[in-house]
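Visitor: have a look; sequence and predicted model below, questions after that.
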Amino acid sequence: MPYIDLPDPIIVDNKNKVDSVLKKYKEAEMLQDHWKPKYEEAYEYTLPQRQSFYEETPADRRTDKIFDETAVVGIQEFASRLQSGMVPTFARWANLEAGVEIPEENVEEVNEQLDSITSYIFEILGSSNFNQEVHESFMDLAVGTGCLMIEEGDAINPIKFTSVPLPQVKFLNGPDNKIDTVFRDRRCPYNQINVLYPKAIIPTNSIFKNDEDRKITLIDSVYRDYSKKNQEVYKRCIILKETKDILLEEEYKGVGSNPYVVFRWNKASGEVWGRGPVFNAMSAIKTCNLTIQLILENAQMAVSGVYQIEDDGVVNTDNISLVPGTLIPIAPNSRGLMPITNTGRFDVAQLVLEDMRNNIKKALYMETLGRPEGTPMSATEVSERMADLSRQIGSSFGRLQAEFVLPVLRRVIKILNDQGRIEIPNVNGREIQIQAVSPLSRAQYNQDITDINRFNEIIGVTFGPQMLNLIVNQDSMAKHLAKLMNIPEKLLRDKAEQQQIANQMQQMAMAGQGTPPNAEQQ
């Protein structure tokens with residue numbers, strides 16, 4: 001019997017497609033429900049003004065549990081420090097370079113082109129809302145998970161970034177244990193659907209046609225399509241939740257086509273939602289708040305006092321007012337109001353409080369660079385402490401490189417390339433590579449630079465500078481150091497210029513006239 005290629009039953013019609021998407025949505029919703037209490041508790045103690053995972057009224061007061069501000073301030077500082085260490089504002093924190101598969105004779109030319117493209121990319125990022133939105137996402141990351149949406153902008157701002165609140169999103173892992181499905185719930189008036197999604201097709205017979213101001217819920221789903229082998233393909237399906245109508249369907253192809261970038265601080269194997277440093281400090285955060293609450297209650301008792309009285313039928317406790325000038329009648333031979341001595345000792349509470357605050361600061365990496373009091377730190381000390389921070393965050397830094405830095409740059413490159421603003425050079429079908437050069441990334445290179453300098457010093461002192469020149473390829477070493485120190489490629493002379501200057505110097509030396517005066521200007 002001949003083989004018949006049948007269509008996938010999931011995409012036979014819209015009803016099956018909607019049922020398939022909503023089934024995955026329910027699965028992601030159930031998974032989110034397991035994490036809601038943990039994230040909500042973290043929000044209550046560290047980000048009280050953040051949108052709640054549960055229903056709440058607008059401007060609802062959520063600061064009743066906060067008596068100590070260490071964690072509230074610390075999470076802001078954590079996000080700022082992480083941003084300055086990984087994606088510093090108005091700085092170049094990554095480079096595009098020729099990959100290892102690019103032929104060696106083309107590397108220098110390709111790198112010069114990529115250097116100009118990199119400068120343009122960071123010019124676009126600097127003028128966009130990237131720095132504002134990424135700070136919001138990093139505060140969510142302190143709890144465990146951040147979500148950033150990257151879309152095409154307008155003529156003025158080609159790229160638009162949006163930090164998506166975690167209560168609005170739900171995730172699912174794919175076969176490779178990476179997040180490949182994102183659902184976002186969006187509430188909006190019915191007549192504003194085309195404002196959010198200009199390409200959406202609204203049904204003409206909708207039940208909301210006569211009530212267009214009514215708020216509805218849209219399910220914006222983006223999921224990976226694994227039916228296309230050796231390709232990165234994502235499908236987008238936007239469903240009106242109340243009527244289960246499909247409003248928009250799109251397909252994205254290529255690396256960086258997924259508009260959502262989801263990144264975690266840390267996670268256990270098989271988990272979808274991440275665990276942040278706030279989780280590690282939650283016991284200390286709750287202890288600090290409880291201790292401050294008890295101290296305030298004890299202070300109130302110390303100020304107003306607690307009294308006992310003989311129940312002799314003369315004094316009516318409902319009529320007693322403890323204010324200056326008050327006359328309180330008592331029975332003859334009665335002792336009247338008698339203060340009760342406070343047996344609690346809260347001087348030891350300060351010791352507990354100090355330890356807990358130090359634990360919170362340590363968990364949120366608040367004391368890495370110390371305080372600005374005293375003598376300012378040298379550049380070397382700052383560099384060493386930044387390297388120490390890089391070692392402390394360890395695997396989390398590597399995870400952020402893979403789940404945040406690289407996907408963000410790939411998405412930005414994809415959008416700018418599709419808009420025709422940049423053109424990535426391609427040599428025989430081989431691609432480029434992205435190298436992170438943020439302060440935290442460069443801190444990891446400091447040890448390599450130190451080892452090279454120490455090697456040169458030992459060889460030069462032990463065997464002399466002539467042996468050092470014989471053993472070490474000075475040109476290759478200089479280029480390697482320039483790469484480690486993030487020196488732009490355009491500042492280095494190419495081989496032709498180096499050979500020309502070397503010949504001039506040799507000719508001048510033979511003539512006994514020394515170095516040519518224009519050797520340094522070329």
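Guide: Cool, the structure landed. Numbers count the residues shown, from 1 in each chain.
Visitor: surely Gln76 is within a helix?
Guide: Yes: remark: Gln76 belongs to a helix, assigned using DSSP: H, G, I helix; E, B strand; the rest coil.
Visitor: roughly how far does the residue most central in space within the chain sit from Lys209?
Guide: By CA atoms, centre = their mean, the chain has its centre lying nearest to Phe138, at 3.6 Å. With distances taken as CB to CB, to the nearest Å, Phe138 is found 43 Å from Lys209. Bear in mind the C-beta positions are built from the backbone N, C-alpha and C, glycine included.
Visitor: now Lys228
Guide: Applying CB to CB to Lys228 and Lys209 gives a distance of 38 Å.
Visitor: now do the contacts for the closest residue to Gln51 other than its chain neighbours.
Guide: Excluding the flanking residues, the one nearest Gln51 by CB to CB, 6 or more residues apart in numbering is Pro165, at 4.7 Å. If you count contacts by CB atoms under 8 Å, 6 or more residues apart in numbering, Pro165 has them with Arg50, Gln51, Asp140.
Visitor: surely the residue nearest to the centre of the chain and Gln83 touch.
Guide: Yes: assessed by CB atoms under 8 Å, Phe138 is found in contact with Gln83 at 5.8 Å.
Visitor: where does this structure have its least confident helix or strand?
Guide: helix 379-393 (a mean of 64; mean pLDDT, DSSP states H and E).
Visitor: helix or strand right after that helix?
Guide: Of the helices and strands lying after helix 379-393 in sequence (DSSP states H and E), the nearest is helix 395-400.
Visitor: how about Ala28, nearest residue that isn't a chain neighbour?
Guide: Lys170 (3.7 Å).
Visitor: next one: Gly174
Guide: Nearest residue to Gly174 in three dimensions, chain neighbours excluded: Asp180, at 3.3 Å (CB to CB, 6+ apart).
Visitor: wait, a helix at Val229?
Guide: Not Val; residue 229 is Lys. No: the assignment for Lys229, made by three-state DSSP, is coil rather than a helix.
Visitor: how many residues are close by it?
Guide: 6 (other CB atoms under 10 Å).
Visitor: from Gly256, how far out is it?
Guide: Distance check for Lys229 against Gly256: by CB to CB, it reads 19 Å.
Visitor: and Val352, by the same measure?
Guide: From Val352 to Gly256 the distance is 50 Å (CB to CB).
Visitor: the two: who's more crowded?
Guide: More crowded of Val352 and Gly256, by other CB under 10 Å: Gly256, with 21 against 14.
Visitor: what does the pLDDT read for the more buried one?
Guide: Looking at Gly256, its pLDDT stands at 90.
Visitor: so it belongs to a helix, correct?
Guide: No: according to three-state DSSP, Gly256 belongs to no helix; its state is coil.
Visitor: what residue ranges in the stretch 1-150 of the chain are flagged as low confidence?
Guide: Residues of the stretch 1-150 of the chain that meet the criterion pLDDT under 70 lie in 1-13, 57-59, 61.
Visitor: all helices of it, in order?
Guide: 14-46, 70-86, 104-127, 130-143 (DSSP state H, counting those that start in this stretch).
Visitor: hey, which of these is tucked in deepest?
Guide: Mean neighbour counts were compared across the helices of the stretch 1-150 of the chain using mean count of other CB atoms under 10 Å; the top stretch is helix 130-143, at a mean of 22.
Visitor: can you pull out the helices in the stretch 251-400 of the chain?
Guide: Assigned by DSSP H, counting those that start in this stretch, the stretch 251-400 of the chain shows helices spanning 277-304, 349-363, 379-393, 395-400.
Visitor: related to what we said a few turns ago, quick one, what contacts the residue nearest to the centre of the chain?
Guide: Phe78, Ala79, Leu82, Gln83, Gly146.
Visitor: so for Ala478, which of the helices of the stretch 1-150 of the chain sits nearest?
Guide: helix 104-127 (14.3 Å; CB to CB).
Visitor: tell me who's in contact with Arg224.
Guide: By CB under 8 Å, 6+ apart, the residues touching Arg224 are Gly174, Asp180, Thr181, Glu232, Val233, Tyr234, Asn258.
Visitor: wait, is the third one part of a strand?
Guide: Read that as Thr181. Yes: remark: Thr181 belongs to a strand, assigned using three-state DSSP.
Visitor: how many other residues sit next to it?
Guide: 22.
Visitor: who does it form a beta bridge with?
Guide: Taking DSSP bridges as the rule, Thr181 bridges to Leu172, Tyr223.
Visitor: that one and Gly174 touch, don't they?
Guide: Yes: judged on CB under 8 Å, Thr181 makes contact with Gly174 at a distance of 7.2 Å.
Visitor: state the distance from Asn358 to Ala281.
Guide: Going from Asn358 to Ala281 by CB to CB gives 11 Å.
Visitor: if you count what's nearby, which of the two comes out ahead?
Guide: The neighbour comparison of Asn358 against Ala281 (other CB under 10 Å) goes to Ala281, with 26 against 14.
Visitor: and the residue lying closest to the more buried one once chain neighbours are set aside, what pLDDT?
Guide: Closest residue in space to Ala281, ignoring its immediate chain neighbours: Ala363 at 3.6 Å, by CB to CB, 6+ apart. Note for Ala363: predicted pLDDT of 86.
Visitor: around Ala363, how many other residues sit close by?
Guide: Around Ala363 there are 21 residues (other CB under 10 Å).
Visitor: one step back: between the contacts of Arg224, which is nearest Ala200?
Guide: Tyr234 (17.9 Å).
Visitor: helix, strand or coil: sort out that closest one for me.
Guide: What three-state DSSP gives for Tyr234 is strand.
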